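Chemist: from the sequence below, what's the structure:
(one chain, ligands or ions: 2)
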Amino acid sequence: MYRHEVPPYGTLLDLVARVDERCLAARPGLRDALEAAGEFDRLALERHGAIRLGTAEELGTMRRLFAVLGMFPVGYYDLTVAGLPVHSTAFRPVDDAALARQPFRMFTSLLRLDKQRDRALRDEVEAILAQRRIFSPRLLTLIEKAELDGGLEPAEGEAFVAEAVAIFRWRGRAAVDASTYRRFVQADALLADVVCFEGPHLNHLTPRTLDIDAVQRAMGEHGLDAKTSIEGPPARRCPILLRQTSFKALAEPVTFAGVQGGREGQHRARFGEVEQRGAALTPRGRALYDKLLARHRQQVDEGPNDDVQRAFADFPDDERDLRLGGLAYFRYLPTAKGLAARGLGHHADPLEALVDAGLAEARPIVYEDFLPVSAAGIFRSNLDSAPDEAGPSDDARAAFERALGVPVLDPFALYDAASRRSVAWLRDALSGGPGSQS
Ligand code: OOG
Ligand code: NI
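Modeler: Ligands and ions are numbered 1, 2, ... in the order given. All right, here's what the predicted structure looks like:
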């Protein structure tokens, strides 16, 4: 659907497929590493998308919809620190098997009308949003049925998917007239994007690539209007977190509501993005990343000395250092040698001894989440006003979770659990199977 609606997105997908193919051919060990990490089969279908909702009720129902698909809210992102009047979570699968099969994530934002100072505008927006219904009655019935029965029959599942996809499609007809649209855009472009349409159209989709630098270089040649630089950490031997770039939003024709059959205009919101994912960082690794990013920002502010590679030189770029420094999460797997030595008493050895002896290997756990405001968050943490912000932000988070109907899951806890599970499996495998003495 999105490829049809936003044709350059199709161009981007084709480009990513070619770059990844070349990358796999050029780096012989890469395929094995991806396979061992359970990431090879999912690579070509891996995406994230983003939507923006208007009301607490929409967010609560969206949470139930994604739960039917096995996707749960992970993380809380306060985008007001980046000047956007929204806060967000990401709906995604959480267990190892589901992530290996289809890791699709939907970054989902909720408009914060408490940030709108213009009382009259706020009332007007609330009245418009109170009118709209983004979930069809049929879809609501199917969500309820899935909740009650713990699933749906195949035909119901088909209907569920069709109804759910329709929520995210583009509607070229605005729900408001042209002058209302213009007023809203003037107040805030993001507010207009949420409020002026009948539903939360996807604002972008993002494939994952193995070489974002190659994609960035080639975008221009393929007629894609790319932004000038890649966000996130610099290129490294051991990728960490998330690097992203995008092509700019299209101007799409819109018909506005109006007495004389409507007027034509344009709306610019929908784009395509691409990302390269690396290791998930522990709280300690993330703190170091944030510190170095802040230092880099300062260098950029201070003048031409903005070498991102140098700013990040203090972040170890070696898997063993990342592991021993407790900076990134790893999954531990038995090697062929380890399996051959099963039952010989190694299952209780210290983890590092197993790795050193070649009985186990450690693979970085891929970062499944987002970094939408790392830069802005760092600015804030450098300001004296940070304690000031903490109170209201906690309230906002509580309100967000009330709207969701559940607390968001803690991403660090999920990576930590995945790592611990792998260690338990490793010890079982080396001991000769579950139930053996340990
Ligand atoms: C926020 C999207 C955030 C990303 O990749 O960080 C996101 C928005 O809706 O503008 O998709
Ligand atoms: Ni994105």
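
Chemist: CA only for contacts and neighbour counts going forward, please
Modeler: Will do.

Chemist: does the residue in the stretch 251-400 of the chain positioned nearest to ligand 1 sit in a helix, a strand or a coil?
Modeler: Residue of the stretch 251-400 of the chain nearest ligand 1, by C-alpha to the nearest ligand atom: residue 372 (3.8 Å). Here residue 372 is coil, with the state taken from DSSP: H, G, I helix; E, B strand; the rest coil.

Chemist: start the count at 31, not 1, going forward
Modeler: That works, and once the first residue is 31, the last one we named lands at residue 402.

Chemist: quick check on it: phi, psi?
Modeler: In this entry, residue 402 is assigned phi and psi values of phi -70, psi -30 (degrees, to the nearest 10).

Chemist: ok, now residue 102?
Modeler: Dihedral pair for residue 102: phi -130, psi 150, per degrees, to the nearest 10.

Chemist: one step back: in contact with the residue of the stretch 281-430 of the chain closest to ligand 1, which residues?
Modeler: The neighbours of residue 402, taking C-alpha atoms under 8 Å, 6 or more residues apart in numbering as the test, are 107, 109.

Chemist: could you do residue 169 as well?
Modeler: The neighbourhood of residue 169, defined by C-alpha under 8 Å, 6+ apart, consists of 190, 193, 194.

Chemist: closest one to ligand 1 out of those, please.
Modeler: The nearest one, if we look at those relative to ligand 1 and count by C-alpha to the nearest ligand atom, is residue 194, at 18.4 Å.

Chemist: surely that closest one is in a helix?
Modeler: Yes: assignment of residue 194 by three-state DSSP places it within a helix.

Chemist: who's in contact with it?
Modeler: Under the criterion of C-alpha under 8 Å, 6+ apart, the contact partners of residue 194 comprise 95, 165, 169.

Chemist: okay if I get these as JSON lines plus pLDDT, secondary structure and distance to residue 84?
Modeler: Putting those into JSON lines (pLDDT from 0 to 100; DSSP: H, G, I helix; E, B strand; the rest coil; distance: C-alpha to C-alpha, whole Å) gives the following:
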{"residue": "95", "pLDDT": "98", "secondary structure": "helix", "distance to residue 84": "16"}
{"residue": "165", "pLDDT": "98", "secondary structure": "coil", "distance to residue 84": "13"}
{"residue": "169", "pLDDT": "98", "secondary structure": "helix", "distance to residue 84": "19"}
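
Chemist: any idea which of these is closest to ligand 1?
Modeler: For the contacts of residue 194, the residue nearest ligand 1 by C-alpha to the nearest ligand atom is residue 95; the value is 18.7 Å.

Chemist: residue 338 touches residue 265, doesn't it?
Modeler: No: using C-alpha atoms under 8 Å, residue 338 makes no contact with residue 265, being 9.3 Å away.

Chemist: higher neighbour count, the two?
Modeler: Here residue 338 and residue 265 are compared on neighbour count by other C-alpha atoms under 10 Å; more neighbours surround residue 338, at 19 against 16.

Chemist: rewinding a little: okay if I get the contacts of residue 194 as CSV plus distance to ligand 1?
Modeler: Conversion of these to CSV gives the following (distance: C-alpha to the nearest ligand atom, whole Å):
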residue, distance to ligand 1
95, 19
165, 20
169, 24
